[in-house]
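Novice: any chance you could fold what I've pasted below:
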Amino acid sequence: MWDARLMTDRDPLYSRHRFPAEIIAHAVWLYFRFPLSLRMVEDMLAARGIIVSHQTIRLWAEKFGRTFASDIRRRSSGRLGDKWRLDEAVISIRGEKHWLWRAVDHDGFVLEVLVQSRRNAEAAKRLMRKLLKGQRRAPRVMITDKLRSYDTAKREIMPGVEHRSHKGLNNRAENSHQPTRRRERIMKRFKSRGHLQRFVSIHDPIANLFHIPRHDISSSHHRELRAAAMSMWAKIARV
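Specialist: The predicted model follows:
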């Protein structure tokens, strides 16, 4: 059981917070690493003798989650795969359709995610521009479903990139929406477009850090990669 009275040397990031950095970082890790509600995280901490409200955990998730996600994005910029898979999924928010546009590489690491109100060429262009800015390079190959907006946008934004348009080739991008779908059910839907964008902008980089492709990998190697991810998380969370 953790003792909230045991305070470590205070990093400036955690100044003016009465809980130790280890507890704050652990709560943020639980919330974004697993499909848990804020109240579930509250109960899990309470089981360890740490009494903190779910409202406080929400504030921690937003404040510290943004900082951690930004650090992860900075560390991974330009290092992910050069075969990009793009896909869009509809999300209903207060009865209105919004589109969650997401790009992943060939190993399933999320490259970019963008919530938009349209499913057209302009929306596809915004995603591609954001991708190029974040990755600092164009892909070798871009794979999409048969939505013609991708082809229109690609001709303007990345004219020299090979484009493969085939629904059967894009399962990895389609599957990348599943964690958001699970969280949508846990949270009983997202409250607004901004709420969804804030969540996925934090969740997806953290998910990337702990995403370990399981194909052609031994159990011992998997444990090593998991330990390395946890070590990197400790550095990013400054604990």
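
Novice: and stretch 191-200, how far out from the chain's middle?
Specialist: Remark: stretch 191-200 is offset 12 Å from the chain centroid, using Cα atoms, centre = their mean, to the nearest Å.

Novice: host element of Arg102?
Specialist: Per DSSP states H and E, Arg102 falls inside strand 96-104.

Novice: parallel or antiparallel, list what pairs with that strand.
Specialist: strand 83-93 (antiparallel), strand 110-116 (antiparallel) (DSSP bridges).

Novice: roughly how far is it from the heart of the chain?
Specialist: With Cα atoms, centre = their mean, you get 13 Å for strand 96-104.

Novice: okay, buried residues for that strand please.
Specialist: Residues of strand 96-104 classed as buried: His98, Trp99, Leu100, Trp101, Arg102, Ala103, Val104 (neighbour count, 16 or more other Cβ atoms under 10 Å). In this view, the C-beta of every residue, glycine as well, is placed from N, C-alpha and C.

Novice: could I get those residues as TSV with pLDDT and distance to Ser192?
Specialist: As requested, the buried residues of strand 96-104 are arranged in TSV below (pLDDT from 0 to 100; distance: Cβ to Cβ, whole Å):
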residue	pLDDT	distance to Ser192
His98	95	9
Trp99	96	15
Leu100	95	14
Trp101	96	17
Arg102	95	19
Ala103	95	23
Val104	95	25
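
Novice: if we can go back for a sec, then the strand holding Arg102 to CSV, C-alphas only?
Specialist: Output of strand 96-104 as CSV, limited to C-alpha atoms (Å, rounded to 0.1, in the frame of the first residue of the first chain):
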residue,chain,number,x,y,z
GLU,A,96,-24.5,14.7,-34.6
LYS,A,97,-22.1,12.8,-36.8
HIS,A,98,-18.4,13.5,-36.5
TRP,A,99,-15.6,11.8,-38.2
LEU,A,100,-12.5,10.4,-36.5
TRP,A,101,-9.7,10.5,-39.0
ARG,A,102,-6.6,8.4,-38.1
ALA,A,103,-3.4,7.4,-39.7
VAL,A,104,-1.2,4.4,-38.5
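
Novice: could you list which residues are in contact with the residue nearest in space to the middle of the chain?
Specialist: For the chain, the residue nearest the mean C-alpha position is Asp204 (0.6 Å; Cα atoms, centre = their mean). The neighbours of Asp204, taking Cβ atoms under 8 Å, 6 or more residues apart in numbering as the test, are Ala69, Arg102, Val110, Val113.
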